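A.B. asks: Whatever this is, show me its structure:
(3 chains)
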Amino acid sequence: MRWIRAHLVAMAGLAVLGYLLIPNIVVIVFSFNKPNGNYNYQWTRFSLDAWTNPCGTPGICESLGLSLRIGFIATFVSTVLGTMVAFAIGRHRFRGRSTTNLLIFLPMATPEVVMGSSLLTLFIAMGIAPGTVTILIAHILFCLSFVVVTVKARIASLDPRLEQAAADLFANPFQAFVRVTLPLVAPGIAAGALLAFSLSFDDYIITNFNASPSSVTFPMYVWGAAQRGTPVQINVIGTVMFLAALLLVATGQLISNRRAKVVA
Amino acid sequence: MTEETSGDLRLTNVTKRYDTFTAVDQLELEIPRGSFFALLGPSGCGKTTTLRMVAGLDRPTIGQIWIGDKDITDTKAYQRNVNTVFQNYALFPHLSVIDNVAFGLRRRKVSDHRAMAMEALELVQLAHIAKKKPGQLSGGMQQRVALARAIVNRPDVLLLDEPLGALDLKLRRQMQIELKIIQSEVGLTFVHVTHDQEEAMTMADTIAVMNRGHLEQVGDPATLYEKPKSTFVANFLGQSNLLEATVKSRAGSIAELDVHGVSLRLPVERLVDDASSVWLGVRPEKLRLVAAGATHDGSAEINRLTGVVTDASFTGLATNYLIRLPWGQELMVVQQNDGTPRAAAGAQVTLGWAPEHGFALDAKQDAHAGAQDQADDSGAA
Amino acid sequence: MTGPMSAPVDDPAPPGLSRPRRARPNYTPYLLLLPGMAWLVVFFVVPTLSLASQSLQTGNVETGYTLTWHFQTYLDALSRFWPHFARSIFFAGSATVLTLFFAYPLAYFIAQKSGRWKNFLLVLVIAPFFTSFLIRTLAWQTILTDNGPVSSFARSTHLTDLLQWLNLTNNDSLMNSRFAVICGLTYNFLPFMILPLYASLERLDHSLIEAAGDLYAAPIKTFWRVTWPLSLPGVVGGTLLTFIPAAGDFINSRLLGNTRTVMIGQVIDSEFLRIQDYATAAALSFVLMLIIVVIVAVYVRRAGTEELV
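C.D. replies: Below you'll find the predicted structure:
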């Protein structure tokens, strides 16, 4: 009894962690399933069919390709714009700081239906047809704020005296930025880019509002599939995404751990 | 491309004003080339601001900075031939030690930067850790790397911003000696900013004492110590006893002063002006316990005061006394452990000192200015 | 007279020696901000205004729309759909409370008690977040399916009866029910509550807890009087990040609910994309936005804008 009381917090915490991970485990397990019908709810029997034929269902790999393309472009643009904004906020004084902070925060706090639908009204009013371009615009929009927040946090932890030391040692502002600031902020920018990519890749609601039948992203495909019937390939891709994410995050942690361990 | 300069460092009418206060006020300073110069003062006195203006990291509101006959006030920090050893070292964490040291050389496109950097590391005895990263080094090692990084560029002026502050006592003493040796070997002009008066006196050829943006006094350590020109300097460097005195007569070479009815003597040339009220100052180590009736020390006539011991602390090296005088004032006395019998608390004693060990200061100044136990100078009148 | 940086009264000293320097205005921050903020203004602020304008227009897709300041649209929309608003707030609110309840022990455990495993556990918390949330929500269909282990377990322990009594189930099925929707919402927004809480709790000085114990406080008292108040910034942050998106969500209720669990997000979605009654849809969207803005305003009032971003 004593042991339970002492470890109550630990047990509760780990139970919650289990709750977080169970759906992922279910996804992985059921990727090896071969269901009888269209839906993948019941475990029927073990099979590697879906794994050997990941593009088997029509449209799934095309949608994956579109999502990846949009993801990369949206990540690139939002990372560049967001990093610039983060530097402005984190390193300079200027008028309108409060408004800027608020304007960056609001997209993160706005429900996706509102953002998606308001963008739609804009495109309708401007006469732009929904499609890949409108999806891209929407993705850059909502990724921007998250990049700003991530990079800004990294900039805040940077010692400003390092840049002064660089100037003291004959580096002009451009050289100081490239040789000192950028290498030290790079991990934050990488984290921001990663976050942007995952937000873009995974988005359904906003994308749906601004898409057309010819521009089907992967989440849209999954949604459609949920109505018609869930092919096992979805689980395969879900598993790959999960493992890739785990690998990336773990690698990032290992690298920063290696750096930290080196401190005397 | 840095501008070619050489010569003395001069500051003319340098002022730095912020919205709410003035950090440096009309500073005039001349620092000879090749000397070890200290800027000494309590925190907030403007010494670091002055240093940053010389480095180019801040711009003076008014005034100019010269090296030789070249006005460098408007040149940017990265164009000046001035390098800084920062207080927290500011080593680039993502570069190795040798890359840190070579940083300035590479910006100026020096071709054999690696060899020169290694030479600088050898000067500070750290050639063996050239490949390590700053995060792997101790504080003392980082400080030496920062020094090497600045020295390797052979600047016209090398600025040191309280570089020894983060080191423990033993290491600090060691580094003070090492810095002096390196400076005389390399021959650069060193400007060392510190709030530690012992450090300044140990290392510097010339000290400028600053207080609230002003220069209090400039001179070599001995002059500053024995002949302070203000109560601030008298209290900031070491300790001083200040007695309210009235000048009774100035006949010949000795002046007669009256301190609460006691007659004390002071060489006339120590008096600052014609004022009749002065602070008569004498340092604790100049005061000695003498026999009750003694009037001379050998052939010289001495000044005498009587009082009661309120505290006697034996430190091994010396005994620190607090003596209460008949009018309530307490004097600090440091009696070296030279065999003189120690007095206990409550004992009646006589203090004696040679008149030429006293000094006079303007009576209008605050007797507590610069005293080290004052936590915040801004409250002082 | 004039500002503190203005020149002193003219004196005979040569210029440059006594005239103070004016700092050159720094345009860099504005140039850096321009592209990003322009994007936000054009694609966020303007659409919001466009949304508001759309909500006050009349017409339809064929004949086009005109701005007629038709406020009646709002009244009609609200009278038809206020149950959905209420339901959304109820679901989002319950999910937020539940996530707080679940997230706190985990965040506390990782922040204070996990030692060497801290980074590993954080990885486990973050990784699910990076995988397709649609797929994960679909997995809940599998988990709560009627013949699956979870449902059987719940039935045999009479948990199902309890939930049915609370009117959370769909007859005696856990799937396609209020229970499933709340489960899904809680699950999906758990990381949004864990991370701010963790950040707050990580900064908590453990010696404060020890001090409380030293001063005779029992563990529960210590939690309530010391830990909880100090973690409040994380609680508030997590609550904002959970409640707001949950209120507008419809994926969970679509995939895991039924016709009686329709949330306002679904209504907006269908009004826009299926029924194409843009005016009503815009009105509903705008009301939802307004509710959010009010909540954020209350927060900003108390805590300022620097902590937001």
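A.B. asks: make it CA atoms for all contacts and neighbour counts henceforth
C.D. replies: Noted.
A.B. asks: Going by residue numbers, what spans are helices in chain B?
C.D. replies: For chain B, applying DSSP state H gives helices covering B:47-55, B:97-107, B:113-123, B:139-151, B:169-186, B:197-203, B:221-226, B:231-236.
A.B. asks: Need these in a markdown table (columns: distance to chain C).
C.D. replies: Below are the helices of chain B laid out as a markdown table (distance: least, CA to the nearest CA, whole Å):
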| stretch | distance to chain C |
| --- | --- |
| helix B:47-55 | 13 |
| helix B:97-107 | 24 |
| helix B:113-123 | 33 |
| helix B:139-151 | 26 |
| helix B:169-186 | 30 |
| helix B:197-203 | 31 |
| helix B:221-226 | 30 |
| helix B:231-236 | 28 |
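A.B. asks: between the ones you listed, which one is nearest to chain A?
C.D. replies: helix B:97-107 (4.6 Å; CA to the nearest CA).
A.B. asks: Next, count neighbours for A:G90.
C.D. replies: By the criterion of other CA atoms under 10 Å in any protein chain shown, A:G90 has 19 neighbours.
A.B. asks: Quick check, it in contact with A:I155.
C.D. replies: Yes: proximity of A:G90 to A:I155 meets the contact threshold set by CA atoms under 8 Å, at 6.3 Å.
A.B. asks: Quick one: residues contacting the closest residue to B:P355 other than its chain neighbours.
C.D. replies: Distance criterion CA to CA, 6 or more residues apart in numbering or on different chains; nearest residue to B:P355, sequence neighbours excluded, is B:L266 at 5.0 Å. By CA atoms under 8 Å, 6 or more residues apart in numbering or on different chains, B:L266 lies in contact with B:254-257, B:355-356, B:358-359.
A.B. asks: Most neighbours among those residues, which one?
C.D. replies: These, ranked by neighbours (other CA under 10 Å): first place B:F359, 25 neighbours.
A.B. asks: For the residue lying closest to that residue once chain neighbours are set aside, list each beta-bridge partner.
C.D. replies: Nearest residue to B:F359, sequence neighbours excluded (CA to CA, 6+ apart): B:G281, at 5.0 Å. Beta bridges link B:G281 to B:L242, B:F359, judged by DSSP bridges.
A.B. asks: So for chain A, which residue is the most central one in space?
C.D. replies: For chain A, A:S198 is the residue whose C-alpha lies nearest the centre (CA atoms, centre = their mean; 2.2 Å).
A.B. asks: now the lowest-mean-pLDDT helix or strand in chain B, how far from the centre of its chain.
C.D. replies: When the helices and strands of chain B are scored by mean pLDDT, DSSP states H and E, strand B:296-297 comes last with a mean of 76. In terms of CA atoms, centre = their mean, to the nearest Å, the centre of strand B:296-297 is set 34 Å apart from its chain centre.
A.B. asks: Tell me the strands beside that strand, with direction?
C.D. replies: Take DSSP bridges as the rule and strand B:296-297 pairs in its sheet with strand B:300-301 (antiparallel).
A.B. asks: Quick check: C:S79 is in a helix.
C.D. replies: Yes: counting by DSSP: H, G, I helix; E, B strand; the rest coil, one finds C:S79 located in a helix.
A.B. asks: count of residues packed around it?
C.D. replies: With other CA under 10 Å as criterion, C:S79 counts 10.
A.B. asks: How about the one 5 residues further on?
C.D. replies: Here the count is done by other CA under 10 Å, and C:H84 has 19 residues near it.
A.B. asks: Tell me who's in contact with A:A50.
C.D. replies: By CA under 8 Å, 6+ apart, the neighbours of A:A50 are A:31-32, A:56, A:232-233, A:236.
A.B. asks: Revised request: answer the last question for A:W223.
C.D. replies: By CA under 8 Å, 6+ apart, the contact list for A:W223 reads C:L134.
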